[in-house]
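In: Sequence and predicted structure are below.
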Amino acid sequence: MLDTIYLKDYAPPAWLIDKLDLHVAIHEEYTEVRGMLACRRNPAGPGGELVLDGEELALQELSLGGTALVDSDYTLDDDTLCIRAVRGAALPDHFTLETRVRIDPDSNTQLSGLYRSRDGYFSQCEAQGFRRISFFPDRPDIMARFSCTIEAERQDFPQLLSNGNLVASGTLGNTRHWARWEDPYAKPCYLFALVAAKLDMLEDSFVTRSGRVVRLAVYVEPGKLDQCGHAMSALKKSMSWDEQRFGLEMDLDHYMIVAVGDFNMGAMENKGLNIFNTKYVLARPDTATDSDYQNIDRVIAHEYFHNWTGNRVTCRDWFQLSLKEGLTVFRDQEFSADTHSSAVTRIQSVRQLRIAQFPEDAGPMAHPIRPVSYAEINNFYTATVYEKGAEVVRMIHTLIGRDAFRHGMDLYFQRHDGQAVTCEDFVAAMQDASGLDLSQFRRWYSRAGTPHLKAEGCYDAAVQRYTLTLSQSLAPTAYEQRLQDAGLAIEEGPLHIPVALGLVLPDGSDALEREYPAGTCVLSLTESTQRFVFDHIPAEPVASVLRGFSAPVHLDFPQSDAELAHLMAYDSDACNRWEAGQRLASRVLLAGVAAGGQDTAWIPESFVAAVDRVLDDGMRHDAALAAEALILPAEQVLAEEMAGRGQIIDPEAIHRSRLTLRHHLAARLRDKFEAAWQALAPSSPYAPDGLQVGRRALRNLALGYLAESDEAYLKGHVMPRLMAQCNADNMTDVIAALGTLANLDVAERTTALADFYTRWQDEALVVDKWLQVQATSRLPGTAMRVRALMGHGAFDIKNPNKVYALVRAFCAANPRHFHGADGEGYRLAADVILQLQAMNPQVAARIARAFDRWRQFDSERQSHARTQLERIQGSTNLARDVAEVVGNALG
Ligand code: 0A1
Ligand code: ZN
C-alpha cells in the first residue's frame, strides 16, 4: 500500500531553521555538500526531535555546535535523519547543526535535486528535491536565509550561480574556483537553486519604478545567444506589467534565467535564479513558431510573477499549491490578455481547460484545487491545481471587480509578506477588501468535478419580461469515493457561481446596455435553482450565458441552431461568439458520430454558411479570432461530451466525423479558402506580433482545409504550395506545412520529413517538433512509426522533452491512434512507462495519466487497457508516482 499524506495531519514544525549556510564542492567523481543549519525550537510547535529529510545522501559527518554526534544521538533511515540528543544530553533551544554528505549528481536521472546536463550541473528542488542535496526539513513552512558557496573546476564550469547576491569569489589552486551567494530573503528550500555550468550570457538591466537597477541575465547553451532576445524582452515586459497592474516591484539586484535542455517541467521560479526548460527561452523566427513565442512570454511572466505570489508569500504545505499556482496562472493570463488579444487569450485558456482539465475532473485522478490527500505530491502539479485554480481566482475577480481585487492583493501582501500561508488566507484578504461574503464561495476549494449549469429562458412579450432560470448540480467523482474510503467528510451544498449574462436582441444589440456598461451583468447563483427576472426587454432576446466563460462549468442550455448562429454573428462578447460556434460545431459533429461519420447528410447547410461568414469576417476584421473560431472542437472534447452523456467513447467515429466535416467544408468553400490564402500572404518580414500571428494562423488554417481537397486538386494545386512552404523563412509556416504533410499518404511526406531532419538535426527543440508532427499524424500505422522513432538516434528516453514530443504527444494528442482498437497504443505507452519509471518517475507518471479515461471506452479497448495497467502495477519496485496514478486508474 502507498503511504498517504493528509491535510488534516498538518502540524507546525517542532524546529525552525533561521539560516542555512551551504558549501557545495563539485568534483568529477562526486559532489560534497556541507550544511550549517541555525536551528531554533519553535515556540508554537509540538515539541520533539529535529526531523530532517534526506534522500540518497551519503552521510560523512554530523555535529552539533562543534560536537560530533554519536550513534545514539540520532537515527538515520532511507529518508529521514532524526536528531534527538547531543552526546546523550537534551537538545538546547538554539544550536547549529553541521552536516556533510556526498551526492552523485552525474547518476541523477530523475532530474530532481542536483543533476548533470550537457553543459553543467543544475538543480530542481520543487517540490521535494532539496532533500536530495542536503539534510533539511524539506517543507515549505520552514523559511530560512540561505547562503551558498559553490566550488568547481573553472574551465568546465565558469559560471557558479545561486540565489540572491554574489558576495565573494576566488580561485582555489590552479584549476578550481568558487563563488559565494547570499539571498537576503528568507525562503523555503524548494526555491533554492544552484547552477555550475559553461553557458553564454545575454545581459541587460531594468530600472524599477522606485529606481532600483536590476541586472538581468539570460544564460543559455554556448552558441545560442541569438535565440534569447525574445525571452529577455518578455522579462522586461513582465516586470513593468506587474508594477502597473499590481504595484509589485522586483526586490533583488540580480535576476537570472538559466535555460537547460533536461528539465521535467516548463520552468521553475527559484528566487532570483529561475531555471527554465530551453523550450520556454530559445526562439528565433526560423526555429520557433508563433505559439512558441507566446508561450515564452507567458512562462517567463509566470515565473517572474511567482516572485511575489509564491516566493514572498509562499505555501504553508503542498496541499495549498494552488495558492501560488492558481493565482500565478491567473496573473500570467491577465498579462497575456493585456499584451496580446484579450479575446484570443481567453479563448485559448478555455480550450485548454476543456482539453486537459475537464477530463481530469471526470476521471480517476479527480481532485479539488486544494486536495486533502496525496501519495506523491509531484502528481498534483495538474491542470486542476493550475488551470482550474486560475479559474477560481478569476471568479473572485469577476464577483468583486477589478478594483476590489487589487485591494485584496494589497491586503494579502500587507498581511502575509514573508509568511507561508493557506488558500484560506488569500480568500480572507479578498473578502475583507471587498466586503463580499465569500463563505459559500470557499466550497470551490474543496470540491472536485465540473459542475453542470442548466439554463432555461422564457420571454413574455406582453410585459416585455425575460426570465432566466438557472440550476446547478455536481455529481460525485472518483474523489468522493476516495474520501469515503479514507473515512473523510464529504462536503455538500451548492456553489457560488458567477454567471455573466448578456441578452442579445434581434438587431444584435445588448438589451442590458442601459443598466450595465458592457451590456453584461454578473448573476450570483448561490442556490440549487434560482430565477432571474429582467424587465423592459423590448423584444425576445437570445441569452448569452457565461460570457467570458465566467465559471468552469458545463453549460446545458438547449438553444436552437438559429439562436447559436445569432450569437456567433452578434454577441458583443468575443468569447461567447466563439463558444456559440463551438457548441454548434459539437452538435454537428456528434450528429456525425451518431450517423457513423460517413456520408454528409448530417452536415446542415447553415453550418457551412456560418463558416463562410466567419471566413469573410476574418479577412476583413480580426484574422486571429476567425482562426480560433474555425478550429473544430478537439477529438478529446467531443469524447468528453459523449462520456458526459453516458455514451461509450468511439474514437474512430469521432475522428471520422471530424474528418468528413473538414472534407466537406474544403469542398464547399474551396474558393473562400483560396481567397483567404491569397489575401493573407505575408507583406512584411516575420515578427511575432498580434496582427501577423493572426494572419498566419488564418492563412495556415485555410491551407490545412485546402489540403483536404480531392486528390486532383491536392496534387495539382496544394502540394506544390505545401512543399514550398516547407522552406519558408519562419517555423510557423514551415511546421504548418510539415504537419499537414505528415497527415497525407503521399511520397512528398517522406521527402519533406527527411529534408527537415537533415536541416535541423542539431537543433534539439526543432527535432522535438519533427517527432511531434509524426506522433500526431492521423495516418494508419502511426503507433508503429512512433515505436520505430523511439529507436531513432534523435530520440532519447532520458530527455523529458523528447519523451513529451514523441510519446506524450502520441498518447494525449492523437486519441484515435492511442486508443486504437488493436491495443497497440496502450502497449506502447505501458512499455515506455515501465522503461522510464525507474529512471524518471515524474515523467513516467505523466505518461501514465493517458490511461485516465480508459473506462469510458468499449469493452475490447477496456480489456486492452486493463491488461497494460495491470502489467504496470504488477512490476516490481514500481515508483510511487506511477503507482498512485495506475492505482487510481484501476481503482
Ligand atoms: N513551480 C513551477 C513548476 C514546477 C513544478 C515542479 C517542478 O519539478 C518537479 C518543476 C517546476 C511553475 O509553476 O512554474
Ligand atoms: Zn507556477
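Out: Looks like it arrived, so ask away. Ligands and ions are numbered 1, 2, ... in the order given.
In: Backbone torsions only: list them for residue 310.
Out: For residue 310, the backbone dihedrals (degrees, to the nearest 10) come out as phi 140, psi -50.
In: do the same with residue 245
Out: Dihedral angles for residue 245 - degrees, to the nearest 10 - are phi -80, psi -40.
In: Return the residues in contact with it.
Out: 334, 335, 338, 406 (C-beta atoms under 8 Å, 6 or more residues apart in numbering). C-beta coordinates here come from the backbone N, C-alpha and C atoms, glycine included.
In: got the phi/psi numbers for residue 222?
Out: Dihedral pair for residue 222: phi -50, psi 140, per degrees, to the nearest 10.
In: neighbours around the closest residue to it other than its chain neighbours, how many?
Out: Leaving aside its sequence neighbours, residue 222 sits nearest to residue 200 (C-beta to C-beta, 6 or more residues apart in numbering; 5.1 Å). Neighbours of residue 200 under the rule other C-beta atoms under 10 Å: 16.
In: Likewise for residue 571?
Out: Neighbour number of residue 571 under other C-beta under 10 Å is 23.
In: Can you tell me the closest non-neighbouring residue to it?
Out: residue 577 (4.6 Å).
In: Kindly provide the distance from that neighbour to residue 190.
Out: Here the criterion is C-beta to C-beta, to the nearest Å. By it, residue 577 lies 42 Å from residue 190.
In: for residue 433, same thing?
Out: Using C-beta to C-beta, residue 433 is found at 29 Å from residue 190.
In: quick one, which of the two is more surrounded?
Out: Using other C-beta under 10 Å as the criterion, residue 433 and residue 190 rank with residue 190 on top: 23 against 19.
In: which SS class is that one?
Out: Residue 190 falls in the helix class when you classify it by DSSP: H, G, I helix; E, B strand; the rest coil.
In: now swap in residue 743 and tell me
Out: When the rule is three-state DSSP, residue 743 gets the label coil.
In: Please tell me I have it right and it contacts residue 782.
Out: No - assessed by C-beta atoms under 8 Å, residue 743 is found out of contact with residue 782, at 9.9 Å.
In: Neighbour count for the two, which is higher?
Out: The neighbour comparison of residue 743 against residue 782 (other C-beta under 10 Å) goes to residue 782, with 23 against 18.
In: close enough to count as contact, the more buried one and residue 809?
Out: No - applying C-beta under 8 Å as the test, residue 782 and residue 809 come out as separate, 10.7 Å apart.
In: Touching both of those two, which residues are there?
Out: Shared contacts of residue 782 and residue 809, counting by C-beta under 8 Å, 6+ apart, come down to residue 775.
In: For the stretch 601-750 of the chain, which residue gets nearest to ligand 2?
Out: residue 688 (23.2 Å; C-beta to the ion).
In: I'd like the distance between that residue and residue 290.
Out: 5 Å.
In: remind me, longest helix of the protein?
Out: helix 574-594 (DSSP state H).
In: other SSEs contacting that one?
Out: helix 342-352, helix 561-570, helix 605-620, helix 623-629, helix 635-644, helix 651-668 (3 or more C-beta pairs under 8 Å, 6 or more residues apart in numbering; DSSP states H and E).
In: Tell me which of the ones you listed is the most buried.
Out: Among those, helix 623-629 has the highest mean neighbour count (mean count of other C-beta atoms under 10 Å), at a mean of 26.
In: Just the CA coordinates for it, please, in PDB.
Out: Only the C-alpha atoms of helix 623-629 are listed here, as PDB (Å, rounded to 0.1, in the frame of the first residue of the first chain):
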ATOM      1  CA  ALA A 623      -8.000  37.100 -38.500                       C
ATOM      2  CA  ALA A 624      -6.800  35.700 -35.200                       C
ATOM      3  CA  LEU A 625     -10.400  35.400 -33.800                       C
ATOM      4  CA  ALA A 626     -11.600  33.800 -37.100                       C
ATOM      5  CA  ALA A 627      -8.800  31.300 -36.900                       C
ATOM      6  CA  GLU A 628      -9.900  30.400 -33.400                       C
ATOM      7  CA  ALA A 629     -13.500  30.100 -34.500                       C
END
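In: Show me what from the protein comes close to ligand 1.
Out: Contacts of the chain with ligand 1, taken as C-beta under 6 Å from any ligand atom, map to 124, 126-127, 264-269, 302-303, 325, 378, 381, 842.
In: Report the closest residue of the protein relative to ligand 1.
Out: Going by C-beta to the nearest ligand atom, ligand 1 is nearest to residue 265 of the chain, at 3.6 Å.
In: need the contact list for the residue nearest to residue 184 when sequence neighbours are not counted.
Out: The shortest distance from residue 184 to any non-neighbouring residue, by C-beta to C-beta, 6+ apart, is to residue 164 (6.0 Å). Contacts for residue 164 (C-beta under 8 Å, 6+ apart) come out as 146, 147, 181, 182, 183, 184, 185, 252, 254, 271, 272.
In: if we go to 7 Å?
Out: Residue 164 sits next to 181, 182, 183, 184, 252, 271, 272 when contact means C-beta atoms under 7 Å, 6 or more residues apart in numbering.
In: Check the residues you listed against residue 156 and report the nearest one.
Out: Minimum separation from residue 156 among the contacts of residue 164 (C-beta to C-beta) is found for residue 181, which lies at 19.5 Å.
In: which residues in the stretch 701-850 of the chain form helices?
Out: In the stretch 701-850 of the chain, helices defined by DSSP state H, counting those that start in this stretch lie at 711-713, 719-725, 731-741, 747-760, 764-775, 782-790, 800-803, 809-813, 815-818, 824-836, 841-848, listed in chain order.
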